[in-house]
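>>> What follows is a predicted protein model with its sequence.
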Amino acid sequence: MSTHEIIAIDGPAASGKSTVGRLLAKELDYRFLDTGAMYRALTVACMRDGIDWADSGAVIACCRAAKITLVPGPQADRVLLDGEDVTHRVREPEVTARIHRLADQAAVRQLMVVKQREVAHAAPTVAVGRDMGTIVFQDARFKFYLDASEEVRATRRRAELEAAGESVDRQAMIEAIRRRDMQDMGRAIAPLKVADNAEVVDTSQLTIPQVVALLAEKIRGTID
Ligand code: C5P
């Protein structure tokens, strides 16, 4: 399987990349790989096992032992950790707030990169995350960086949460997004940035279906 059949999508928190990536994969009949879900599941594993975040040896041992399975579903993937369904757990704010404790560690990222490449090299894949175009799939033929203003991203994320019956203060949401972007862009290893040859798509004024159509058009236009 050549890296030509990998579409790498990166972008900041709540930029819509998972929703877009999933729909794009469906449209192209590609596999969808949500690498954020993998980092989230590892974080749940470390929290479950009461790992001391300062003990990097224990963190990596826990990550090595954790068996993560992403089960494709029509709306969202189910996330299994050692066979246990943690689909909802991985999205909880206390989990989100701790991901950087392991996502900043080179050994953990190395482990994830190997797994992500295994998945994507087995079948044509749309892979979304923070380092898809810069590190994991540097040779991907198509690289996109989805962006949107902080306000738009906060509004979208709030709407998602409200649809799920949760309410979140708008200002608190903006601050949480800003903090996460700073952590993801500021880390020493695999920071979030626009990859070489990536096309930046500002989705602030676009609906999700419009973004999917735009990316599909760019991909098909290049292939045809
Ligand atoms: O995409 P999502 O918001 O689910 O990602 C959660 C967190 O996982 C990100 O904020 C980032 O810290 C980490 N992550 C990462 N590398 C990826 C995907 C996610 O470091 N490829």
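All right, it came through fine. Source: prediction; values computed, not measured.
>>> How about the residues of this protein by the ligand?
When proximity is defined by Cβ under 6 Å from any ligand atom, the chain lies next to the ligand at 13, 35-36, 39-40, 99-100, 103, 129-131, 180, 184. Backbone N, C-alpha and C define where each C-beta goes, glycine included.
>>> so what's the residue lying closest to residue 195 once chain neighbours are set aside up against?
With Cβ to Cβ, 6 or more residues apart in numbering as the criterion, residue 195 has its nearest non-adjacent residue at 3.0 Å, and that residue is residue 133. Residues in contact with residue 133 (Cβ atoms under 8 Å, 6 or more residues apart in numbering) are 8, 9, 10, 140, 143, 144, 145, 194, 195, 196, 197, 198.
>>> How many neighbouring residues does the second one have?
It refers to residue 9. When neighbours are defined as other Cβ atoms under 10 Å, residue 9 has 28 of them.
>>> Surely it is in contact with residue 126?
Yes - Residue 9 is in contact with residue 126 according to Cβ atoms under 8 Å; the separation is 6.6 Å.
>>> can you list residues touching both of these two?
Residues touching both residue 9 and residue 126 by Cβ under 8 Å, 6+ apart: 21, 24.
>>> ok, residues contacting the one helix or strand residue 212 maps to?
For residue 212, the element it lies in under DSSP states H and E is helix 208-223. Helix 208-223 is contacted from outside by 7, 16, 19-20, 23-24, 27-28, 141-142, 144, 146, 199, 201, 203, 206, using Cβ under 8 Å, 6+ apart.
>>> cool, and stretch 90-98?
If you take Cβ under 8 Å, 6+ apart as the criterion, stretch 90-98 is touched by 37, 40, 41, 43, 44, 46, 47, 53, 79, 89, 176, 180.
>>> Now, of the residues you listed, which are buried?
Buried by 16 or more other Cβ atoms under 10 Å: 37, 40, 41, 43, 44, 46, 47, 79, 89, 176, 180, out of these.
>>> circling back: include secondary structure, pLDDT and distance to residue 84 when you put the residues of the chain next to the ligand into a markdown table, please.
Output for these, formatted as a markdown table (DSSP: H, G, I helix; E, B strand; the rest coil; pLDDT from 0 to 100; distance: Cβ to Cβ, whole Å):
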| residue | secondary structure | pLDDT | distance to residue 84 |
| --- | --- | --- | --- |
| 13 | coil | 93 | 26 |
| 35 | helix | 98 | 20 |
| 36 | helix | 97 | 19 |
| 39 | helix | 98 | 17 |
| 40 | helix | 98 | 14 |
| 99 | helix | 97 | 19 |
| 100 | helix | 96 | 23 |
| 103 | helix | 97 | 21 |
| 129 | strand | 98 | 23 |
| 130 | coil | 98 | 26 |
| 131 | coil | 98 | 27 |
| 180 | helix | 93 | 25 |
| 184 | helix | 96 | 27 |
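>>> Sweet, I'm off.
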